[in-house]
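In: Model the structure of this input:
(chains A and B)
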2 protein chains.
Amino acid sequence: MNPSGLEALIEALRCLPGVGPKSAQRMAYHLMQRERKGAQRLGESLLHALEAVRHCQRCNTFTEGEICERCASPRRDRSLLCVVETPVDMNMMEQTLAYKGLYYVLMGRISPLDGVGPNELGLERLVRRALDGEVCEVILATNFTNEGEATAHYLTALLSQKGVSVTRIARGVPVGGELEYVDSGTLAQAVRERRGLLT
Amino acid sequence: MNPSGLEALIEALRCLPGVGPKSAQRMAYHLMQRERKGAQRLGESLLHALEAVRHCQRCNTFTEGEICERCASPRRDRSLLCVVETPVDMNMMEQTLAYKGLYYVLMGRISPLDGVGPNELGLERLVRRALDGEVCEVILATNFTNEGEATAHYLTALLSQKGVSVTRIARGVPVGGELEYVDSGTLAQAVRERRGLLT
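Out: Numbers count the residues shown, from 1 in each chain, chains lettered A, B, ... in the order given. Here you go, the predicted structure:
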């Protein structure tokens, strides 16, 4: 039905997450009809990013050099290592301005249903990173989803048997949260993990 | 936050229809992390399609030559010209196997809210096409939306003042439709546009 170059483009667009055959066709027509400049820029920046973007040797996030700016910075506290699932999570942590240590980005989570196990995540790199002699505490900041929790459990076992001190960010009622509107699972955890008040 | 090549890719992905900053970031991470081959193919097919894909000189659809296969085919009825909004609509018409004439693809519709008027659609090309001497009837198959109807009205005035015979595809109760579940606008049109039965 379509000329071959357009058909190839429609097929290629399907590698984008959440894009099926209908959206891919709509996108291809839109690009060819109304966004030729945008399409040119997109094509070029894809090929450029593939050339330029790689993983930081130390924290595994995306970077263009060997080591990312954050890992190279002399201002960060090298004794703390925060483990997050994705670069987005790292950005969220940074925005809190509450953390001045370094990071390790898993680029995923243990998720057997998606075929992602410890080997696929390359967790031995994280172990090597945590045993560099400078890190005193590994803070697990994976999500509080089933997969994130499973990843945290696995990492706790893995790291503590190597003698690394492991902590988990706190779970509980969100700041500004009202008990009436918090789900019972969260509230139960908040009671179980209650802390003593300084007097 | 992100290295510049990745930031440029995220920005470029936003030219896709329906993709905002969050989805663009998710797509970019996904491509860089899990779909490098797909990203390569997408980049190349975008640049290839921009080179290769153009508009058919006769029917305005996408093609890689001067004139698309359908317009060049000797098997089509050259006396009929069906006007549709998009190549997808043309494909839908083809799938009915009920039409053997030629097409003209508007690549849009008159939509003042989006800044698309008769000039933006290049309707003078359609008029020239309809006056080629072979076309006897122009069948308007634009959508039955407000914009599609407005486009049909405009084209009717434009073409009939040049002496071209213009028809519109039928509106009414869908095949298999039950009156109980048809909206009243459609039913009203079906009554108004009732036809005599052959006995």
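In: use CA for all of it now, contacts and neighbours both
Out: Fine.
In: And the pLDDT for the residue of chain A at minimum distance from chain B?
Out: Closest residue of chain A to chain B, Cα to the nearest Cα: residue A:43 (4.1 Å). For residue A:43, the pLDDT comes out at 96.
In: which secondary structure element contains it?
Out: Under the criterion of DSSP states H and E, residue A:43 resides in helix A:36-52.
In: and if you look at residue A:89?
Out: Using DSSP H and E, residue A:89 sits within helix A:87-96.
In: Strand partners (parallel or antiparallel) of the helix or strand following that helix?
Out: Sequence order places strand A:101-105 as the next helix or strand after helix A:87-96, per DSSP H and E. Applying DSSP bridges, strand A:101-105 is found paired with strand A:77-84 (parallel).
In: Run the chain-centre distance for the strand it pairs with.
Out: 15 Å (Cα atoms, centre = their mean, to the nearest Å).
In: Would you mark the buried spots in it?
Out: A:78, A:79, A:80, A:81, A:82, A:83, A:84 (16 or more other Cα atoms under 10 Å in any protein chain shown).
In: Next: stretch A:116-123.
Out: A:117, A:121, A:123.
In: pretty sure the second one is touching residue A:108, no?
Out: Which is residue A:121. Yes - contact criterion Cα atoms under 8 Å: residue A:121 and residue A:108 qualify, at 6.8 Å.
In: what residues are up against the nearest residue to residue A:104 once chain neighbours are set aside?
Out: Nearest non-adjacent residue to residue A:104, counting by Cα to Cα, 6 or more residues apart in numbering or on different chains: residue A:59, 4.3 Å away. The contact partners of residue A:59, taken as Cα atoms under 8 Å, 6 or more residues apart in numbering or on different chains, are A:68, A:71, A:102, A:103, A:104, A:105.
In: Tell me where chain A is predicted with low confidence.
Out: Along chain A, the parts satisfying pLDDT under 70 run over A:1.
In: At the contact with chain B, which residues of it appear?
Out: A:1-6, A:8-9, A:12-13, A:15-17, A:27, A:30-33, A:35-36, A:38-50, A:52-53, A:62-64, A:91, A:107 (Cα under 8 Å from any Cα of the partner chain).
In: one more time with 6 Å
Out: A:3, A:5-6, A:9, A:12, A:15, A:38, A:42-43, A:45-47, A:49, A:63 (Cα under 6 Å from any Cα of the partner chain).
In: What segments of chain A are strands?
Out: A:54-55, A:62-63, A:77-84, A:101-105, A:137-140, A:165-168 (DSSP state E).
In: Same list, those strands, but as CSV with distance to residue B:141 please.
Out: Shown next, in CSV, are the strands of chain A (distance: least, Cα to Cα, whole Å):
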stretch, distance to residue B:141
strand A:54-55, 50
strand A:62-63, 50
strand A:77-84, 54
strand A:101-105, 54
strand A:137-140, 59
strand A:165-168, 62
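In: buried stuff in stretch A:175-195?
Out: Residues residue A:187 are the ones in stretch A:175-195 that count as buried (16+ other Cα under 10 Å).
In: Figure out the length between the terminal residues of that stretch.
Out: End-to-end distance for stretch A:175-195, by Cα to Cα, to the nearest Å: 16 Å.
In: Now do it: everything it contacts.
Out: residue A:172 (Cα atoms under 6 Å, 6 or more residues apart in numbering or on different chains).
In: redo that, cut-off 7 Å
Out: A:171, A:172, A:173 (Cα atoms under 7 Å, 6 or more residues apart in numbering or on different chains).
In: What of stretch A:83-93?
Out: Contacts of stretch A:83-93 (Cα under 7 Å, 6+ apart): A:61, A:103, A:104, A:105, A:106, A:107, A:108, A:109, A:139, A:140, A:141, A:142.
In: Okay, the first one and residue B:143: tell me how far apart.
Out: According to Cα to Cα, residue A:61 and residue B:143 sit 48 Å apart.
In: Looking at those two, which is more packed in?
Out: A count of neighbours by other Cα atoms under 10 Å in any protein chain shown puts residue A:61 above the other of residue A:61 and residue B:143, at 25 against 18.
In: Quick one: residues contacting that one.
Out: A:55, A:87, A:105.
In: Run a quick neighbour tally on the residue nearest to the first one when sequence neighbours are not counted.
Out: Nearest in space to residue A:55, with sequence neighbours left out and distances taken as Cα to Cα, 6+ apart, is residue A:62 at 4.7 Å. As a burial measure, residue A:62 scores 25 neighbours (other Cα under 10 Å).
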